[in-house]
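Visitor: What would the 3D arrangement of this be:
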Amino acid sequence: MPVTTFAFDASAAYNSDAARSVAGAVNSNVRLAGAPMPLCFERGEGAYLFDIDGNRYIDYALGMGPTILGHAPKPVCDAVANSLSLGQMFAGQHRAELELAQLLQTHIPSAALTRVGMSGSEMVQAALRVSRAFTGKRKFIKFEGQYHGWYDNVLISHAPQVGDGLPVPREPHLESRGQAESVKADVLVLPWNDVGALEAVIAAHGHDIAAIITEPAMCNTGVIAPRAGYLERMRELCTANNIIFVFDEVITGFRLALGGAQQRFGITPDLSTFAKAMAGGFPVAALVGRADLMQMFGTGGVNHSGTYNSNVQSVVAAIATIRELAANGGAALGHVDTIGNQLIDGLRKLGRDTGSNLQVSGYGCAMNTYFGEPDSVVDYQSYRKTDTARLQRFLAALVNDGVRPTSRGTWFVSAAHSGTDIEETLAIARNALMA
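Guide: Now for the predicted structure:
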């Protein structure tokens, strides 16, 4: 299939204009890394994005994961449009809040009680706060390469030092200038997928560990699956040591399964955070979990607040999205996995046919491309040893011809993607690899 390299003159002009009014011309630092530059988009429709230069992209960034039904899905847009005349903010409750909570309880194994907020970052903070309150302990474990929001106490070791023979626990690495050094005292950073490291650190520090927070599948770095038995052992250790087990399902929720990774893997954490795909592109998040933990918010003893929490439109969008995902026996997510696995198989075949070492890790609904040895990526350290420079050239070549994964090499698939989209994507990927 012939392809045409795109021009980006209008996006370049937009960036110049925007930089005079918006810091860095973007409103999230993640977007600074856009290839070949931060692009400006006109609209999204189904599986496609259209930029202000008139270029059309098959979109696998999907807003960094939220648009699980594709862009501007009619059932969600119609539900939100119908709600607009009802109002937006009441500083009180509306009936849709209860409907959403009951849907979350129905589909998510850990959801005895729920709280709704606006972002995954803030729900992570609520989870850690209530964990400390419940256990009376102060430290928490996180894993290098995982991302749990941009707040000081969790923006730690997302992209830390790479090397052999590093200590366990790792030295916490702050990711931004201006972060308080004091937050290092409350976190223990471990390599992921390493049972021995986990057991040793809990044996030494379990008396002061309030929580373990983890992505159940490591989607922020490499879309790395947990090793067999790893999460199960983590669950056992938390139960035995009065440690609150927190799943960060901001990416995996409503994507790996309707009930999240916990449903797919058959492991029930104590608390879980959800966002992104929960509302099909509208801003909303949730913390769900054990009743005895969540009730600490209900009594007012542990604070969780927010002016925009459970605003009408976000809640209505979440209800419509979840109902669409649940319809016809979960057919939408079944389609996502089927189409996504076709993409995985096709990319792997291209890697073999072109003699490159292109590899794909992850799942049909969320995957990651890298250049390295097959099945070599099991944690952050092994991921960083892959050829990241070559990956960036590959991703840039894809975008130049109309296929848009995320800038880190993660691909999300939506219910709007079709077999034809996969065929076109693979043709463009072949050209990118040959180039």
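
Visitor: What are the boundaries of the strands in the stretch 201-350 of the chain?
Guide: Counting by DSSP state E, counting those that start in this stretch, the stretch 201-350 of the chain has these strands, from start to end: 209-214, 244-249, 271-274, 285-289.

Visitor: The shortest one - contacts with which helices or strands?
Guide: Packing partners of strand 271-274 (3 or more CB pairs under 8 Å, 6 or more residues apart in numbering; DSSP states H and E): helix 120-135, strand 244-249, helix 260-265, strand 285-289. C-betas here are computed from N, CA, C, even on glycine.

Visitor: And these: which comes nearest Ile224?
Guide: Distances from Ile224 to each of the helices and strands packed on strand 271-274 were compared using CB to CB; the minimum, 12.4 Å, belongs to helix 260-265.

Visitor: just to revisit the earlier point, may I see the strands of the stretch 201-350 of the chain arranged in JSON lines, with distance to Arg393, mean neighbour count and mean pLDDT as well?
Guide: As requested, these are arranged in JSON lines below (distance: least, CB to CB, whole Å; neighbours: other CB atoms under 10 Å; pLDDT from 0 to 100):
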{"stretch": "strand 209-214", "distance to Arg393": "32", "mean neighbour count": "25", "mean pLDDT": "98"}
{"stretch": "strand 244-249", "distance to Arg393": "31", "mean neighbour count": "28", "mean pLDDT": "98"}
{"stretch": "strand 271-274", "distance to Arg393": "35", "mean neighbour count": "30", "mean pLDDT": "98"}
{"stretch": "strand 285-289", "distance to Arg393": "35", "mean neighbour count": "27", "mean pLDDT": "98"}
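
Visitor: Relative to Ala326, which of those strands is closest?
Guide: Shortest separation from Ala326 across the strands of the stretch 201-350 of the chain is recorded for strand 271-274, at 14.8 Å, computed as CB to CB.

Visitor: and the closest one, how far from the chain's centre?
Guide: Its chain's average C-alpha position is 12 Å from that of strand 271-274, according to CA atoms, centre = their mean, to the nearest Å.

Visitor: how about the strands of the stretch 201-350 of the chain, which one is nearest Leu39?
Guide: strand 285-289 (26.0 Å).

Visitor: so how far is Leu237 from Gly330?
Guide: Between Gly330 and Leu237 the distance, using CB to CB, to the nearest Å, works out to 32 Å.

Visitor: ok, these two, which is more surrounded?
Guide: It is Leu237, of Gly330 and Leu237, that has more neighbours when counted by other CB atoms under 10 Å, with 21 against 16.

Visitor: pLDDT at the residue nearest to that one when sequence neighbours are not counted, what is it?
Guide: The spatially closest residue to Leu237, leaving aside those adjacent along the chain, is Ile202, at 5.3 Å (CB to CB, 6 or more residues apart in numbering). As predicted, Ile202 sits at a pLDDT of 98.

Visitor: Now do Ile202: how many residues are near it, please.
Guide: What Ile202 shows, counting by other CB under 10 Å, is a neighbour count of 21.

Visitor: Test my guess that it contacts Ile209.
Guide: Yes - applying CB atoms under 8 Å as the test, Ile202 and Ile209 come out as touching, 6.7 Å apart.

Visitor: Identify the contacts common to these two.
Guide: Common contacts of Ile202 and Ile209, defined by CB atoms under 8 Å, 6 or more residues apart in numbering, comprise 141, 241, 243.

Visitor: my read: the last one touches His207, true?
Guide: Think Ile243. No - if you go by CB under 8 Å, Ile243 and His207 don't touch, sitting 10.2 Å apart.

Visitor: Can you list the residue ranges for helices in the chain?
Guide: Counting by DSSP state H, the chain has these helices, from start to end: 9-18, 74-83, 95-107, 120-135, 195-205, 230-240, 260-265, 291-298, 312-353, 380-384, 388-400, 419-434.

Visitor: Which positions within the last one qualify as buried?
Guide: It refers to helix 419-434. Within helix 419-434, the residues that qualify as buried by neighbour count (16 or more other CB atoms under 10 Å) are 421-422, 424-433.

Visitor: what's near enough to touch Phe134?
Guide: With CB under 8 Å, 6+ apart as the criterion, the residues that contact Phe134 are 210, 244, 292-293, 296.

Visitor: how close does it sit to Val246?
Guide: When distance is defined by CB to CB, Phe134 is 12 Å away from Val246.

Visitor: what does Leu128 give?
Guide: Using CB to CB, one gets 8 Å for the distance from Leu128 to Val246.

Visitor: gap between Ala35 and Pro216?
Guide: The spacing between Ala35 and Pro216, counted by CB to CB, is 29 Å.

Visitor: And for the helix or strand of the chain with the lowest mean pLDDT, what's in contact with it?
Guide: Every helix and strand of the chain was ranked by mean pLDDT, DSSP states H and E. The lowest is helix 9-18, at a mean of 93. For helix 9-18, the external contacting residues (CB under 8 Å, 6+ apart) are 25-26, 37-40, 51-53.

Visitor: can you redo the helices of the chain as a markdown table with distance to Thr369?
Guide: Shown next, in a markdown table, are the helices of the chain (distance: least, CB to CB, whole Å):
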| stretch | distance to Thr369 |
| --- | --- |
| helix 9-18 | 24 |
| helix 74-83 | 29 |
| helix 95-107 | 30 |
| helix 120-135 | 24 |
| helix 195-205 | 28 |
| helix 230-240 | 24 |
| helix 260-265 | 21 |
| helix 291-298 | 38 |
| helix 312-353 | 6 |
| helix 380-384 | 12 |
| helix 388-400 | 7 |
| helix 419-434 | 9 |
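
Visitor: on that earlier part again, from the contacts of Phe134, which two are the most distant?
Guide: Farthest pair in those (CB to CB) is Ala210 and Asp292. Separation: 14.8 Å.

Visitor: Can you give me every residue that contacts the spatially most central residue of the chain?
Guide: When the chain is reduced to its mean C-alpha position, the closest residue under CA atoms, centre = their mean turns out to be Ile251, at 2.7 Å. When contacts are counted by CB under 8 Å, 6+ apart, Ile251 is found next to 65, 215, 219-220, 276-277, 366.

Visitor: now with 7 Å?
Guide: With contacts defined as CB atoms under 7 Å, 6 or more residues apart in numbering, the neighbours of Ile251 are 65, 215, 219, 276, 366.

Visitor: tell me the domain ranges of this structure?
Guide: Per the record, the chain has its domains at 9-72+330-434, 74-325, by automatic domain parsing.

Visitor: Chain neighbours aside, what residue packs nearest to Glu181?
Guide: Excluding its sequence neighbours, the residue lying closest to Glu181 (CB to CB, 6+ apart) is Leu174, at 7.3 Å.
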